[in-house]
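*Asks:* Provided below for reference: sequence and predicted model.
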Amino acid sequence: MNEEPIFPEELLAKIAAVPTAPGIYQYFNEQGKIIYIGKAKNLRNRVRTYFHSFHSHNEKTKALVSNIANIEIIIVDSEAEALMLEDNLIKKHKPRYNIMLRDDKTYPYIRITNEPFPRIFITRNVVKDGSKYLGPFTEIHNIKYMLNSVRNIFQIRSCKFPLTLDSIAHKKYRSCLDCHIGKCQAPCVSEISVEEYANNVKMAQQVLLGKTKMLANELERQMQQYSENMEFEKAATARNRLQSLGNFTSKQKVISPELQDRDIFGIARNGDFACTLVFVVREGKLIGKRHFIVTKAQIETDEEILQRTIEKYYLETDFVPKEIILPNEVEQLEYLLDWLGKKRLNNWTAYFENTLLPEDADVDELKDQVGNLRADSISVKFPKIGDKRKLVEMANNNAEFQLQEYINSLDKRDKAVPHSLLSLQRDLNLSKPPIRIECYDNSHLQGVDMVSSMVVFIDGKPKKSEYRKFKAKDEDESKQFHNDDFAMMRQTIYRRFKRAVDEQQPLPDLVIVDGGKGQLSSAYGILQELDLADKIAIIGLAKRLEEVFKPNVSDSIMLPKTSSSLKLIQQLRDEAHRFAITFNRELRRKHSIESELDEIKGIGNVTINKLLDKFGTVQGVKNATDAELESVLNKRQIEELKKHFTT
């Protein structure tokens, strides 16, 4: 891709008209498919970089630019909107030249419910009902331990009662065992006020976020104050919480003597795969990590992969630390800093609103400090030597470990053959497990609208993107078949495998034909004609007794009714039948609609399509008023239509 492409005048005119506002740009190929989605603080400057200095681009960008046939832009108000819109569009369209990050799993969140007495629990479903969500978290065992710890320390309720002030006032609930063993302060029977419980939830939230230093100081202050006031039970509660908090934090790994919040990114590569990893460090303690897998990574640079990782991670994470440590530089650093600075400002404001502050804290001063936070308060570092470089190397090593685990899991998945396929190989005496199975069926109504279907199962599961439909015609294409299922099956098999041979498509390991010896012989004869009979195993399934037939074998195979082999074959047969009969019904419905509207004088195919687009069905056209029909038909056509439906 060394020759600089020549772009049409229409595209160059669009590029020249791109505004300087922030937003999203989308590149389309000649087929109208989106091949790349990007964002920019200044759309004009960003878009023009692709079309200037073509020979200075890397091979991936050259290939991208050479395939651009059209461009569309979406203007937004802020960097945050651009990032969220870009992320959503990439997930939806999956453009060829965008980096696709995979989490490798659905990570859980901790939910703090929007109730007078909130519950705190683990969930994988985000419900927009005013609840707060912390996370996502990667280590499910660690998060369960954290959650149990904060519930016990701060006596957060674990019940699922829908507690409201009204239901509590009417004494609808009774205290449970948790209250009697000191694990809950029984808000259900008014043993604790809304304000006290809210303070407990705030403290629990601080622990879950890894912010324990200020909380420990506040608990120690409370203990001293309660002692001085001779409120010894409350002092004991504060002391026990302080001790439990100390035990909890002592088990967290300290990776830095500096009690600072920072996120440390690492990256590793292996062949066509890459993995990025984030260490979440709060007050010097490692409280979590998260990794992302990148496929087709050979054409991406480390800078591009890290850029995409940072964007995705902070889109899904609320807290932005003061320091971010990266293994190397990234693209659009200034853009990222602007966005992260604003996000940090907003999150710190929310943090102080949801944090239990010391009674002697100067709230106005804290608000002033938050107001003074700017993008330059975020420090992004690329250490080459020293302790911080060691932290980066630790993140890189962990990324390498996660990547190797992912590759090993792919190898195991490829080598693992489902039990049903091994049973099918044994029962049918096949040379290898039938990883790819294709099943064919015919459908028609007394010889009208004859169709065939092909369904595909890979590893014993449906692969619906590879299903195919066939309209069967006789050899001279002068008329449709009339109840000749054998001829229809022959043509379907011929069309499928003639194209597979011509285009060198992958062949199935097993072909199943819905029918007995006649259908099987028709299909097998075509495979012989195409020299594929020795390469593809084929069987027929007769429905009446569920007999399995093999070519050139007179006796049928009777599989046990409970065998996994027979169940898989039946599943394929039933799916092929469903797919074929659905297609046949669609054709018959279409023909019935066309035939009824075709009878109306003065209304042609174009007008019929307009009517169906507007009113959906023939019944919808029939029930439409004259005023509604005037948008499609003239007065004479309306008269003919009404006359047709009234006679």
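*Replies:* In hand now; what should we look at? These numbers were taken from a predicted model, which means no experiment stands behind them.
*Asks:* what ranges do the strands span in the stretch 101-250 of the chain?
*Replies:* Along the stretch 101-250 of the chain, counting by DSSP state E, counting those that start in this stretch, strands occupy 101-102, 109-112, 120-123, 132-134.
*Asks:* The shortest one pairs with which strands, parallel or anti?
*Replies:* Pointing back at strand 101-102 there. According to DSSP bridges, strand 101-102 forms sheet pairs with strand 285-295 (antiparallel).
*Asks:* same question, the second one
*Replies:* Each strand pairing with strand 109-112, determined using DSSP bridges, is listed with its direction: strand 120-123 (antiparallel), strand 132-134 (antiparallel).
*Asks:* on that earlier part again, need the winner for burial among the strands of the stretch 101-250 of the chain.
*Replies:* Of all the strands of the stretch 101-250 of the chain, strand 109-112 has the most neighbours on average by mean count of other C-beta atoms under 10 Å, namely a mean of 21. To be clear about C-beta, it is placed using only N, CA and C from the backbone, and glycine gets the same treatment.
*Asks:* what does that one rub up against?
*Replies:* 118-124, 126-127, 131-137, 143, 147, 201, 205, 208 (C-beta atoms under 8 Å, 6 or more residues apart in numbering).
*Asks:* and with 6 Å instead?
*Replies:* With C-beta atoms under 6 Å, 6 or more residues apart in numbering as the test, strand 109-112 has contacts from 118, 120-121, 123, 131-136, 208.
*Asks:* and of those residues, the nearest to L568?
*Replies:* Closest to L568 out of those is T123 (35.5 Å), distances taken as C-beta to C-beta.
*Asks:* Would you quantify the distance from the closest residue in space to that closest one that isn't next to it in sequence to N199?
*Replies:* Distance criterion C-beta to C-beta, 6 or more residues apart in numbering; nearest residue to T123, sequence neighbours excluded, is R111 at 4.7 Å. Noted for R111: a distance of 19 Å to N199, by C-beta to C-beta, to the nearest Å.
*Asks:* From N70, how far out is the closest residue to N67 other than its chain neighbours?
*Replies:* Leaving out its chain neighbours, the residue that sits closest to N67 by C-beta to C-beta, 6+ apart is N29, at 4.9 Å. Note on N29: its distance to N70, by C-beta to C-beta, is 8 Å.
*Asks:* What's the end-to-end length of stretch 621-629?
*Replies:* Start and end residues of stretch 621-629 are separated by 8 Å (C-alpha to C-alpha, to the nearest Å).
*Asks:* Also stretch 269-288?
*Replies:* End residues of stretch 269-288 are separated by 22 Å (C-alpha to C-alpha).
*Asks:* contacts for it?
*Replies:* 137, 210, 213, 252-256, 258-259, 261-268, 289-294, 297-298, 305, 309, 313, 395, 398-399, 402-403.
*Asks:* same check, this time on stretch 151-165
*Replies:* By C-beta under 6 Å, 6+ apart, stretch 151-165 touches 116-117, 120, 173, 183-185, 188, 200, 203-204, 241, 244.
*Asks:* Please list the members of these that lie in helices.
*Replies:* By the criterion of DSSP state H, membership of those in helices covers 200, 203-204, 241, 244.
*Asks:* Need the residues you listed in a markdown table (columns: neighbour count and distance to R426).
*Replies:* Listed next are those as a markdown table, based on neighbours: other C-beta atoms under 10 Å; distance: C-beta to C-beta, whole Å:
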| residue | neighbour count | distance to R426 |
| --- | --- | --- |
| N200 | 22 | 61 |
| M203 | 22 | 61 |
| A204 | 25 | 56 |
| R241 | 21 | 63 |
| S244 | 17 | 58 |
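*Asks:* is it possible to export these to JSON lines including distance to A533 and pLDDT?
*Replies:* Formatted as JSON lines, the ones in helices among the contacts of stretch 151-165 follow (distance: C-beta to C-beta, whole Å; pLDDT from 0 to 100):
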{"residue": "N200", "distance to A533": "75", "pLDDT": "87"}
{"residue": "M203", "distance to A533": "74", "pLDDT": "85"}
{"residue": "A204", "distance to A533": "69", "pLDDT": "85"}
{"residue": "R241", "distance to A533": "77", "pLDDT": "81"}
{"residue": "S244", "distance to A533": "74", "pLDDT": "78"}
